[in-house]
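# Have a look at this fold, sequence not included:
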Ligand code: ANZ
């Protein structure tokens, strides 16, 4: 019987679906194991072979864990709110729901063909109102809580109201920094405030709050954009101008959790590089805040700056404000106003990330005002420059050009003085940024090392009351509203201008129908077009939630996806607890993976989830790059010359569809059909074929190097696709998709199939396994087990290949040897495994089998190959047990047929046995 993968794969996919074999139970005597993939956004283009890489890896692990006796939860769903469906809706008028539905159907079909072991009964879709009910519900909880820094925990807003009623603002627990600078009020003040005023105060504390923030605003698109939707001052989609604008937006107080997000990372089994990315993003920085007296000639103020180098205060030669800083207005002198305004206009066009990246171009403008150095009492000029960011520290800095490279570049550009503060440092070409050396030019700090000077300087400024120690985090609160249609509506309405939560029984608040998916003429978001977008006559919020809203707690919903009364039932959460293994791309390091951890911590504070971290172990799969192919057209002709001959002519290199190239040889007929302009093309061949050039590039439609997994499944089958993707190289590395090796993997599966067949008949015998067979089997068991545990799947595939070759050579047909190997391969190539398993006589799916037990003894050599010599001449070899005595060896050798042959009836004069080495017979 041939290896008919088409029939086999269809049959088993149907069997798995019909029998719901991958359905996970929320209760079991087995230990639990939760394997999660980052769910996809169902785009119109469908899956390409790069997408399933991580899914295959997690599927192998899930199947392996089932064989190891775990109750495995392995769910899948769709992150189905998002921009592309909405853009398509704007262009075509088709409701994004329809597009989304179609795309999901396509994704599902593609995934089913690859044989994933998902429990589809748990599927979630973020755009489904039964799902987003819970996204809205969590938002309401965040709205109803504040973060108490003194106990590092979220608490109910009603408890804060109680504090205000008893102690006024004095009662705010120490350490709640973001409320600093807010007005102080007594108990009687609080009581005298009207409802609006009280609501405004409470808004400053809520974990989900509405507040002013600087955003990327695109007027043409009528929306705020995320940083990655903006490039060089214009929107990625449409190329419209984007400016930095202060706007009132819903935000999540992620910053409150900065320290916990940092600290709890230690316990996670994540790669160091990913942890570093999060650490840098959170950006903890220990330093000091310091007051500088500033004046614009009329008014005098105290301006606070943040520095990590309080020791350098004697070297401050100017101050710099962020363009958005509130000080800009106060400190710009009338004669400088025009110049400053022109500068601001330019600077505001850039996103923060772009401003930070532009290290070479130095821009700035002088305000005309001065600050007094609190220690030297010298006046220094106050400038404005985009290298100072508004959202970090206080948005104002003291500049020390001798010891900070950005300040140095600025001072050189604008000719400002540079005072060295470290003995012997060379600042002729660049600043001396290292925190080492002996201080000079620094008053009371002179003679100290930098390490001593930093705390000494902070102590001093604290003593004289102009500063204090301060920890800063770079992590910002997340802007949570978008002026878009295709997202979760906020369960908030405005009662006389006061943001009021919808009561829980009104959830889900469903997306309303609108006539168009565009902003209104007045510039309001699309939801403002909906009729009756009100509650009790009060207007509902018109922005929607961003992409990361629905993906922040989806891992919890999978545990209990149909629960109508809770996000997740407490008992069920206590069973599944957290994700044991999460596989996905590093691009989510500072987005989704921060937000999810934050949501989880918030829900943990509320006592709704039992683990403080959601994803115990995380593996980042590498990217699959495209491998492009090229053809070479001789200039001004329709003639194409093969790669090896192209240098003879003046040619143009043209991308050609990789799907009509096989092992770098062009399918000429396919090429002619590919594009009408090539239908009459001529070809100059080499060795009878047209060879294409190749290069590794991003996998993208425009490079014609996108490979659809469906095509691979058609030609080779899903088992080949799965094994081949894993064979490409280490999981965590990026690597090009190169179909050249796929035939080899397919041939291996055919050979594997043949190992179980004799003259086309499935054959397993009850023969006892030989030591050699057992050695091959147990070496393989050990290898596969350790490889899977280490996600080293590519080496597993090589091990299978070696074992199958060896067993084929041995003509093995023993059930004892071959049956366990079906189980071993079933995680990788589940279809062929199921088929062989059923041919072997099993009625149940192979997922109920047990992973074979590794017995080390079988892999240890316990025989010796003895060369047997006669009168010093080697005649034959005998395999004998290592443990035999000299006498026993002598006896066995002399009694053997081979020995009789070489003795030819002669008498043995002497026999020399060197145990473990040789036998020599003298005759
Ligand atoms: C004086 C100084 C002297 C500084 C020196 C550094 C070296 P990290 O470690 O990233 O926290 N800074 C403060 N606020 C800023 C802002 N909003 N935008 C840009 N830069 C800002 O860096 C803190 C240092 O970055 C601070 O210490 C400040 O410059 C600058 F030899 O103050 B420093």
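Right, received. Where do you want to start? Nothing here was measured: the structure is a model prediction, and the numbers come from that model. Numbers count the residues shown, from 1 in each chain.
# Please name every helix or strand in contact with the host helix or strand of residue 808.
Assessed by DSSP states H and E, residue 808 sits inside helix 793-809. Helix 793-809 is packed against helix 718-727, helix 742-755, helix 771-789, helix 815-825, with contacts defined by 3 or more CB pairs under 8 Å, 6 or more residues apart in numbering; DSSP states H and E. Where C-beta positions appear, they are placed from N, C-alpha and C, glycine not excepted.
# Quick check: next helix or strand after the last one?
Once the chain leaves helix 815-825, the next helix or strand it forms, by DSSP H and E, is helix 830-839.
# quick one: contacts for whichever residue of the stretch 401-550 of the chain sits closest to the ligand?
Going by CB to the nearest ligand atom, the ligand is nearest to residue 403 of the stretch 401-550 of the chain, at 3.1 Å. Residues in contact with residue 403 (CB atoms under 8 Å, 6 or more residues apart in numbering) are 309, 312, 315, 421, 422, 431, 432, 433.
# Can you verify residue 868 is assigned to a strand?
Yes. In this structure, residue 868 lies within a strand as judged by DSSP: H, G, I helix; E, B strand; the rest coil.
# what are the bridge partners for it, then?
residue 876, residue 919 (DSSP bridges).
# Which residue is the nearest non-sequential neighbour of whatever residue of the stretch 551-700 of the chain ends up closest to the ligand?
For the stretch 551-700 of the chain, the residue closest to the ligand is residue 590, as judged by CB to the nearest ligand atom, at 15.8 Å. Once flanking residues are discounted, residue 590 sits nearest to residue 281: 4.2 Å by CB to CB, 6 or more residues apart in numbering.
# so residue 141 sits right up against residue 605, yeah?
No. Contact criterion CB atoms under 8 Å: residue 141 and residue 605 do not qualify, at 9.9 Å.
# residues in this protein within reach of the ligand, list them.
285, 306-309, 312, 322, 388-389, 392-393, 395, 397-398, 400, 403-404, 472 (CB under 6 Å from any ligand atom).
# before we move on, the earlier item: give the helix, strand or coil label for the residue nearest to residue 590.
Secondary structure of residue 281, per three-state DSSP, is helix.
# Sticking with residue 196, tell me its helix or strand.
helix 195-203.
# now do residue 134
helix 129-143.
# which is the next helix or strand following that helix?
Next along from helix 129-143, by DSSP H and E: strand 145-148.
# what is the rounded mean pLDDT of that next one?
Strand 145-148 shows a mean pLDDT of 96 in the predicted model.
# Which residues outside that strand are in contact with it?
Under CB under 8 Å, 6+ apart, the answer for strand 145-148 is 153-157, 160, 173, 176, 202, 205-207, 253, 256-257, 602, 605-606.
# After that strand, which helix or strand is next? Please name it.
Sequence-wise, the next helix or strand downstream of strand 145-148 (DSSP H and E) is strand 153-156.
# Can you name every helix or strand that that following strand contacts?
For strand 153-156, the packing partners by 3+ CB pairs under 8 Å, 6+ apart are strand 145-148, helix 592-605.
# Relative to the whole chain's centre, how far out is that strand?
29 Å (CA atoms, centre = their mean, to the nearest Å).
# Same question for stretch 727-747.
That offset, for stretch 727-747, works out to 22 Å (CA atoms, centre = their mean).
# From start to finish, how long is it in a straight line?
For stretch 727-747, the first-to-last residue distance is 14 Å (CA to CA, to the nearest Å).
# Buried residues in that stretch, which are they?
727-731, 735-739, 742, 745-746 (16 or more other CB atoms under 10 Å).
# Pull the contacting residues for residue 766.
Residue 766 touches 814, 815, 816, counting by CB under 8 Å, 6+ apart.
# so the last one touches residue 768, yeah?
Yes. Residue 816 lies in contact with residue 768 (CB under 8 Å); the separation is 7.0 Å.
# Looking at those two, which has the bigger crowd around it?
Neighbour count, other CB atoms under 10 Å: between residue 816 and residue 768, residue 816 has more, with 17 against 10.
# Count the neighbours of the closest residue to that one other than its chain neighbours for me.
Counting by CB to CB, 6+ apart, residue 816 lies nearest to residue 769, which is 4.4 Å off, once chain neighbours are set aside. Residues contacting residue 769 under the criterion other CB under 10 Å number 17.
# Tell me where the stretch 601-750 of the chain has strands.
For the stretch 601-750 of the chain, applying DSSP state E, counting those that start in this stretch gives strands covering 615-620, 624-634, 639-641, 651-656, 661-662, 665-666, 682-684, 693-697, 735-736.
# List the buried residues of the second one.
To tie it back to what came earlier, the one meant is strand 624-634. 624, 625, 626, 627, 628, 629, 630, 631, 632, 633, 634.
# CSV for these, including distance to residue 95?
Below are the buried residues of strand 624-634 laid out as CSV (distance: CB to CB, whole Å):
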residue, distance to residue 95
624, 33
625, 35
626, 33
627, 38
628, 37
629, 39
630, 41
631, 42
632, 47
633, 44
634, 50
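# picking that back up, kindly compare burial across the helices and strands packed on helix 793-809 and name the winner.
Most buried of these, by mean neighbour count (mean count of other CB atoms under 10 Å): helix 718-727, with a mean of 26.
# what about it, average pLDDT?
Rounded mean pLDDT across helix 718-727 is 97.
# and it with helix 793-809, angle?
For helix 718-727 against helix 793-809, the angle by axes from the mean of the first three to the mean of the last three CA atoms, to 10 degrees is 120 degrees.
# got a list of contacts for helix 718-727?
By CB under 8 Å, 6+ apart, helix 718-727 touches 5, 9, 49, 52-53, 56-57, 59-60, 113-115, 624, 709, 712-713, 716, 741-742, 745-746, 748-749, 793-794, 796-798, 828-832.
# Tell me the buried residues within these.
So, by 16+ other CB under 10 Å, the buried ones in the contacts of helix 718-727 are 5, 9, 49, 52-53, 56-57, 59-60, 113-115, 624, 709, 712-713, 716, 742, 745-746, 748-749, 793-794, 796-797, 828-832.
# State the helix or strand in which the residue of the stretch 101-250 of the chain found nearest the ligand lies.
Nearest residue of the stretch 101-250 of the chain to the ligand (CB to the nearest ligand atom) works out as residue 214 at 12.1 Å. Applying DSSP H and E as the criterion places residue 214 in strand 208-218.
# so what does that strand touch, helix or strand wise?
helix 129-143, helix 195-203, strand 223-225, strand 242-252.
# Strand partners (parallel or antiparallel) of it?
Counting by DSSP bridges, strand 208-218 is paired with strand 223-225 (antiparallel), strand 242-252 (antiparallel).
# Which of those has the highest mean neighbour count?
strand 223-225 (a mean of 22).
# That strand: how far from the chain's middle?
On CA atoms, centre = their mean, the centre of strand 223-225 falls 24 Å from the chain's centre.
# which other residues reach that strand?
215-218, 235, 242, 247, 249, 479, 481-484, 519, 525.
# Repeat that for stretch 337-352.
214, 216, 227, 230, 233, 241-245, 323-324, 328, 332, 355, 358, 363-365, 367, 384, 386, 389, 391.
# rewinding a little: any quick PyMOL command for the buried ones out of the contacts of residue 403?
Buried subset of these, written as a PyMOL selection, criterion 16+ other CB under 10 Å:
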select buried, resi 309+312+315+421+422+431+432
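# Of the contacts of residue 766, which is the nearest to the ligand?
Using CB to the nearest ligand atom, the contacts of residue 766 come closest to the ligand at residue 816, 64.2 Å.
# So for that closest one, what's the pLDDT?
At residue 816, the pLDDT recorded in the model is 97.
# And for residue 352?
Reading off the model, residue 352 has pLDDT 67.
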